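**Student:** After the sequence you'll find the predicted model.
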Amino acid sequence: MLHPHFSETLFSSDRIVRERPTGLSGVFSSDSSLVVSVPVPPRIGDYDRFVVELENLTGTPLLAGLRLTHRSGEPSAVSFSGGREEVDETGPTTLLFPIESFGSYGKPDGWNDVRTIELLFVREKTSTITDPITVSIRDLLVQTRRLPEGPRLSEEGLVSISTRTPEVTNGTRTFTPYDPTHSLIRVPAPSFYECDTAEAILSGRVMGQDTGYPFDWKIDPDGLLEWRHFLHRHHFFRPLVRALAQDGKRIHADALTERITTWITTNPVPVGSNGGASPAWETLSVAFRLREWLWAASVLWDHPSLGPSGQRLILRSLWEHARHLMDHRGHPNNWRLIEAASLALVGLLFPEFLEADGWSREGLTRLVREMDQQFLPDGVHFEISPLYHALCVQACLEVLLVLKTSGQRFTGLSSKRVLGLFSYLAALHRPDFSWPAINDSSGATGEYRELMRAAGEEFERPDLVWIGSGGRLGRAPKRMQHDFPHAGIRIDRSGYDRDALWCLFRAGPAGAAHVHQDVLSIELTALGRPWLVDPGVSGYAPGPLTTYYRSARAHTMVVVDGTGPERERLPFAERVRASPERGCRQTGRLRWMVGVCEGPWIGSSSRVRVERAVCLVDGRFVVVRDTLTDRDGRDIHDLSIFWQFFPCTVQIAPGSTVVRARDRQSRNLTLMPALEGKACTVVVREGHTDPITGFVSIEGRDVPAPNVTYTLRTVLPRVLLWVLYPHGDDERTPIELDRIDQGLSCSLTLTFRDNTHDTIEVGE
């Protein structure tokens, strides 16, 4: 947070005990992002803050960050500040980078083993400016400080920023909807890690790790930044909150009180910094933690375990949290929406702060602005990720409920608008009531039922209640086909029974963030279980598995000349812009979901165009048509067509290229290519590590799962046809295919076991 410039009796500052210049100065320039190497000072481990005095000569705002690599670890550990300290163009400025605002991968020993230091400058990723970046660095110092215990705001300071005395704030509070009877309390936390029971947490186990006792907020069991971020976001409090609400036992109240108060005292807010990539004070962590504290306060506030002193301690820290969110904003994606919601909530629910009205107005204004920017016209969040869509609509729902409870309204945040945002999640759910994992949505079987049920109960929508209750309550939806044209997501299903055939086609833009190289990918569920899936992702730590999960070959899609589509490096505007060449096409009785990929292809100048059309035929099976053309007229290309299965057994039929997938309940899916008689090879890889192939993420675990790859070398243009046929326990090939071609137009005749036929005009 920015320094409030209170007196020392009201707000404690850092004490500088030593400093040393690094010798870095000069004018530095780059055509794109600017990276400046910083001399590593002797005994760098004795210091805990960098101070940079500089001037931005670019003429437009920049973002700055520091990156440190360490000698420890294999590969070397890395620490980074997050790269989001703002540098305007109005004149000389000073940036502070305290050690408590750094995140890290690996396990560096503080700053004792720093090998290299880099100072980085970039523009906001939404910027369209391409001019060179120029910065004048006047000095770069390292400092050693003496930090106070948290919170920095003193008891006397609390009185000065409150409309009531601390004695009045000790009275009974109502935290609506943050009470133990509200269904939102059941919504699982957005974590990659397992959820522990209240008893496990009491014994010192958090998110699958033994934390010991007394609780250590500096613990780093695996060297993964994500685990520490989730630790400091306090999602793991929720089982204790539910347990205390149910039984009122002192042991649960004591555990909540101890963890909240020790966190506050051991994590003073960084002053002059936006919190960087810190697990504790990164702006997104601040926003999530605020909402978890509201759940905890709903059952803890009047409990003797907390008491008046504990109440005042929390209020002092809440003020620092709100000021931090007022002073800083995170990445221009889901972060800013969630941060805005949390700022609005703390302002609405704690009116005793003098700044509360300002917090709520600013939070609500930001929230509506982010909703306008982040939700596409079809109601899909612009990251096109079910996980981040769910997080954002939940934040909007919580703010709406608080407004309604307090009898307030805010333009742009209506029940109708928030309800409309649930349409995407409602359409996406599979027949087994799991969700796909498009674009960094954690595991391949997402879980949003409790959120859907809470929305259904609030808005009196029986279809949402039915989805949220797993079909036990409410009423099933009626609509079978869903088209989200701006997001390029299309879903077709045969019904809402457990054995229904459900198909998702991903044919839209890459998304604003958390991008996978998955254009024209397919997901398929049949006979009560997923068969083809997006593999999800198990974490964001850099590494081979993370790279694999985001790659084209981990999805059910076409790869040309060994490369997938280059999506993440597209300009921001291109990543969220819908293509006019996507939609649905009717051919006779059949409705085709159609999408196009024009490239660019990673590391290639190839101008191959791929059009994929997907059709669910009579609710029985799926036909896929891939049409490939080369706009440059090159003769021969190497094609790879990947099919990523959910865990099952996959075998190639002897002497053919037909593939059969089978699960333990003798349910089958047969994949039959109709490739115009051309030679191709098919291989099945599962759990391979060199190269990494054949994994999916399930509940944060990397699970081996078959990846089927067809390869062929061919002249373009070319049409590839595939049939996906679900069936019961039978060893025979369920159908026979006969393909008839006339140029790029073709038809497919299917002969079934009972000798009946079906001819499908595939079209051009």
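**Tutor:** It's in. Numbering: from 1, shown residues only.
**Student:** for residue 683, what are its contacts?
**Tutor:** 708, 709, 711 (Cβ atoms under 8 Å, 6 or more residues apart in numbering). Every residue, glycine included, has its C-beta placed from N, CA and C.
**Student:** State the distance from it to residue 549.
**Tutor:** To residue 549, residue 683 is 20 Å away according to Cβ to Cβ, to the nearest Å.
**Student:** just residue 514 next, same as before
**Tutor:** From residue 514 to residue 549 the distance is 11 Å (Cβ to Cβ).
**Student:** one step back: pull out the buried residues from the contacts of residue 683.
**Tutor:** Burial by neighbour count, 16 or more other Cβ atoms under 10 Å: within the contacts of residue 683 this picks out 708, 709.
**Student:** Looking at the contacts of residue 683, spot the one nearest residue 205.
**Tutor:** Taking Cβ to Cβ as the measure, residue 205 sits nearest to residue 708 out of the contacts of residue 683, at 39.0 Å.
**Student:** and that closest one, helix, strand or coil?
**Tutor:** strand (DSSP: H, G, I helix; E, B strand; the rest coil).
**Student:** so who does it touch?
**Tutor:** By Cβ under 8 Å, 6+ apart, the residues touching residue 708 are 642, 643, 645, 650, 659, 671, 682, 683, 684.
**Student:** So what sits opposite the third one in the bridge?
**Tutor:** The residues listed as beta-bridge partners of residue 645 by DSSP bridges are residue 532.
**Student:** and it, what pLDDT?
**Tutor:** Residue 645 carries a pLDDT value of 98.
**Student:** That one: neighbour count?
**Tutor:** By other Cβ atoms under 10 Å, 26 other residues sit near residue 645.
**Student:** try the last one
**Tutor:** Residue 684 has 18 neighbouring residues, counting by other Cβ under 10 Å.
**Student:** Also the first one?
**Tutor:** For residue 642, the neighbour count with other Cβ under 10 Å is 22.
**Student:** again, but for the fifth one
**Tutor:** Using other Cβ under 10 Å, the number of residues around residue 659 comes to 22.
**Student:** List the backbone torsions phi and psi for it.
**Tutor:** phi -120, psi 130 (degrees, to the nearest 10).
**Student:** who touches it in this structure?
**Tutor:** Shown in contact with residue 659 (Cβ under 8 Å, 6+ apart): 643, 650, 651, 652, 653, 670, 671, 682, 684, 708.
**Student:** Quickly list what it is bridged to.
**Tutor:** For residue 659, the beta-bridge partners are residue 652, residue 671 (DSSP bridges).
**Student:** Provide a list of residues in contact with residue 148.
**Tutor:** Residues near residue 148 by Cβ under 8 Å, 6+ apart: 12, 13, 14, 268.
**Student:** if I look at it, how far off is residue 154?
**Tutor:** For residue 148, the distance to residue 154 - Cβ to Cβ - is 10 Å.
**Student:** quick one on the thing from earlier: with distance to residue 506 as extra columns, can I get the contacts of residue 708 in a markdown table?
**Tutor:** Compiled in a markdown table, those are given as follows (distance: Cβ to Cβ, whole Å):
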| residue | distance to residue 506 |
| --- | --- |
| 642 | 14 |
| 643 | 14 |
| 645 | 17 |
| 650 | 22 |
| 659 | 21 |
| 671 | 18 |
| 682 | 23 |
| 683 | 24 |
| 684 | 23 |
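**Student:** from those, which is closest to residue 49?
**Tutor:** Closest to residue 49, out of all of the contacts of residue 708 and judged by Cβ to Cβ, is residue 642, at 48.0 Å.
**Student:** could you check the distance from the closest one over to residue 141?
**Tutor:** Residue 642 sits 52 Å away from residue 141 when distances are taken as Cβ to Cβ.
**Student:** one step back: pull the most distant pair out of the contacts of residue 659.
**Tutor:** Within these (distances taken as Cβ to Cβ), the two that end up farthest apart are 643 and 653, at 14.8 Å.
**Student:** Tell me which of these two has more neighbours.
**Tutor:** When neighbours are counted by other Cβ under 10 Å, residue 643 comes out ahead of the other of residue 643 and residue 653, with 25 against 14.
**Student:** Spatially, which residue comes closest to the more buried one, not counting chain neighbours?
**Tutor:** Once flanking residues are discounted, residue 643 sits nearest to residue 708: 4.3 Å by Cβ to Cβ, 6 or more residues apart in numbering.
**Student:** Over to residue 191?
**Tutor:** Going by Cβ to Cβ, 6+ apart, residue 191 has residue 230 as its nearest residue, at 4.8 Å.
**Student:** pretty sure that neighbour is touching residue 195, no?
**Tutor:** No: look at residue 230 against residue 195 with Cβ atoms under 8 Å: they stay out of range, at 10.6 Å.
**Student:** Give me the more crowded residue out of those two.
**Tutor:** residue 230 (22 against 16).
**Student:** Then that one would be within a helix, right?
**Tutor:** Yes: assigned with three-state DSSP, residue 230 falls within a helix.
**Student:** What residues does it make contact with?
**Tutor:** Applying Cβ under 8 Å, 6+ apart, we find residue 230 in contact with 189, 191, 192, 193, 207, 236.
**Student:** again, 7 Å this time
**Tutor:** Listed by Cβ atoms under 7 Å, 6 or more residues apart in numbering, the contact set of residue 230 reads 191, 193, 207.
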